[in-house]
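> just a sequence and a predicted model for now, questions to come.
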Amino acid sequence: MQQSNTYIIVYSAVLTIILGLLLSGSAQVLGPWQQEAIALDKKKQILGAVISAEEIEAMTPEEVNAFYSSRISSTVVDITGKEVTTEGVSAEKVEIAKDYKKAAEERAYPIFIFHAEGKPEQVESYIFPMYGAGLWDAIWGYLALDTDLNTIAGITLAHAAETPGLGARITEGKVQERYVGKKIFDESGALVTVMMQKGENKDYSSEPHKVDGMSGATITGNGVNNMLKAYMGCYEAYIKSKSASKVVAVL
Amino acid sequence: MSAETIEKSVAVKPAEPLLSKRRRKLISDPLIDDNPVTVQVLGICSSLAVTTQMQPTLVMAISVIFVVALSNFAISLMRNTIPARVRIIVQLAVVATLVTIVSEILKAFAYDMYKELSVFIGLIITNCIVMGRLEAFAMGNKPYDSMLDGFGSALGYSWIILTVAFFRELWGSGAVFGIPVFKYVSSLFGPDFNLATNGLMVTPVGAFIILGLIVWVQRTKTGYVEH
């Protein structure tokens, strides 16, 4: 049977409508669960900068939420380090991916503060979100600094579409552990951050600003380096003001 | 002028049991004798890509079973209405819809898996097994038979990728389903004993080697030769 053109066109149109309804229906129905999963994942990533992946893995979603709300407080600053107090602005709501497209001066910079257990006034570390470009698509992460605002307490890195087994390894604990204990400022107080090197399995334990690279994923590594440098530069004013106030407090 | 898809006449008696001998064959044939991966050499791309660990491989296998069985079923239901000149597009649209639904479900209920597999779940659309079964079987057979055929083919694909993943994870990461087997075994032989893992297994090259070995063993047993 040879169908007429009209039949084919009507058939395609009806099929498109039915499939379209199916798709939008499923997206609509699953939407709330997806939002929840995304919010939970974000909290896990933030916490991942300060506690180990195994600990997070062992927690139920409710425990993650409870842990997050009891230990993490947040603030939003601008590029000059001043707190943004506009109504309705909260660190959880800032979408770094969207802000990334704006000029550095216009972005809002969320900061998450990790408090000691049972002592909400005592800060354990500061967590700075960041965003950048890897080899294929976006990469992002959270860098946690100790209270000296110089030593790296931990880092989580994530990506949209880096090559599995190569660039995608930035999400692995083994790679992220390499950053712990490194310094972002040099002795003169200039911002140098930490650079992932080319090649793998070299010892950089005596160099505070270098970490071992990922073999076969130099461009992703460079992306991480650029992201760290760019975003730490944006947070520098806040970091400097915090460390200055601390010196005053000690005096 | 394009060729019409000719409906193969399969003799079905009025009340054929749900799992008659012929239908069981639809499922069992693709497992060994007509395996889509090792005999028909389809779906190689994803069997190389997702098989570094057991867990994502299992999720991938379940997703493929779901998509192939349901798309075979849906296309078979529609087979007499599909205009021959646009049939590939119609098949693609149905498959793409099912794949998107799978990916949305994973996003809602298994977000970690979704992050790890998202690209490859999307690529099920281009998995040759799906289109192959639609063209070769679903366009010419009844819905229930087509679903069984799709289920069988996807099962044939699944056990192969799970086998590959088992050896790749075991030798590459020293674990099975994330359980560090090598560490436990090493500790039995004293504190200094350490079973080494092979980095090659983590790369796609490792999958080629394992897949090649499976094909070798299988063809030795079944006596299959390429014509």
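Cool, the structure landed.
> select the longest helix from chain B.
helix B:143-173 (DSSP state H).
> could you name the helices and strands sitting against that helix?
Counting contacts by 3 or more CB pairs under 8 Å, 6 or more residues apart in numbering or on different chains; DSSP states H and E, helix B:143-173 is packed against helix B:21-28, helix B:44-49, helix B:54-78, helix B:128-136, helix B:204-222. All C-beta atoms are positioned from the backbone trio N, CA, C, and that covers glycine.
> quick check: angle from that helix to helix B:21-28?
Helix B:143-173 runs at 30 degrees relative to helix B:21-28, counting by axes from the mean of the first three to the mean of the last three CA atoms, to 10 degrees.
> buried stuff in helix B:143-173?
B:143, B:145-158, B:160-161, B:163-173 (16 or more other CB atoms under 10 Å in any protein chain shown).
> repeat that for stretch B:106-113.
B:106-108, B:111, B:113.
> quick one, helices of the stretch 1-150 of chain A?
A:5-48, A:53-58, A:61-71, A:96-99 (DSSP state H, counting those that start in this stretch).
> between these, which one is nearest to chain B?
Evaluated over the helices of the stretch 1-150 of chain A, closeness to chain B peaks at helix A:5-48, with 3.7 Å, by CB to the nearest CB.
> packing partners for that closest one?
So helix A:5-48, by 3+ CB pairs under 8 Å, 6+ apart, packs with helix A:53-58, helix A:61-71, strand A:138-146, strand A:152-159, helix B:87-109, helix B:111-122.
> pLDDT averaged over that helix - what is it?
The average pLDDT for helix A:5-48 rounds to 91.
> by how many degrees do it and helix B:111-122 diverge?
Using the same axes, to 10 degrees: helix A:5-48 against helix B:111-122 is 150 degrees.
> now the angle from helix A:5-48 to helix A:61-71?
50 degrees.
> got the angle between helix A:5-48 and helix B:54-78?
160 degrees.
> flag every buried residue along the worst-scoring helix or strand of chain A on mean pLDDT.
Counting by mean pLDDT, DSSP states H and E, the weakest-scoring helix or strand in chain A turns out to be helix A:53-58, with a mean of 80. Within helix A:53-58, the residues scored as buried using 16+ other CB under 10 Å are A:53, A:56.
> check stretch A:73-81 too.
By 16+ other CB under 10 Å, the buried positions in stretch A:73-81 come out as A:75-79, A:81.
> how far does the longest helix of chain B sit from the chain's center?
Relative to its chain's centre, helix B:143-173 lies at 5 Å (CA atoms, centre = their mean, to the nearest Å).
> and for stretch B:59-72?
With CA atoms, centre = their mean, you get 8 Å for stretch B:59-72.
> now do stretch B:139-155
Per CA atoms, centre = their mean, the centroid offset for stretch B:139-155 relative to its chain is 14 Å.
> which residues are contacting it?
B:5-8, B:10, B:12, B:23, B:26-31, B:36, B:61, B:64-65, B:67-73, B:75-77, B:79, B:82, B:87, B:129, B:132-133, B:137-138 (CB atoms under 8 Å, 6 or more residues apart in numbering or on different chains).
> using PDB, list the CA coordinates for that stretch.
Provided in PDB are the C-alpha atoms of stretch B:139-155 (Å, rounded to 0.1, in the frame of the first residue of the first chain):
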ATOM      1  CA  MET B 139       7.600  -4.200  11.700                       C
ATOM      2  CA  GLY B 140       6.400  -7.700  10.700                       C
ATOM      3  CA  ASN B 141       5.200  -9.500  13.800                       C
ATOM      4  CA  LYS B 142       2.500  -9.300  16.400                       C
ATOM      5  CA  PRO B 143       3.000  -7.000  19.500                       C
ATOM      6  CA  TYR B 144       3.500  -9.700  22.100                       C
ATOM      7  CA  ASP B 145       6.000 -11.700  20.000                       C
ATOM      8  CA  SER B 146       7.800  -8.500  19.200                       C
ATOM      9  CA  MET B 147       8.000  -7.600  22.900                       C
ATOM     10  CA  LEU B 148       9.500 -11.000  23.700                       C
ATOM     11  CA  ASP B 149      11.900 -10.700  20.800                       C
ATOM     12  CA  GLY B 150      13.100  -7.300  22.100                       C
ATOM     13  CA  PHE B 151      13.300  -8.600  25.600                       C
ATOM     14  CA  GLY B 152      15.400 -11.500  24.500                       C
ATOM     15  CA  SER B 153      17.800  -9.400  22.400                       C
ATOM     16  CA  ALA B 154      18.200  -6.900  25.200                       C
ATOM     17  CA  LEU B 155      18.900  -9.700  27.600                       C
END
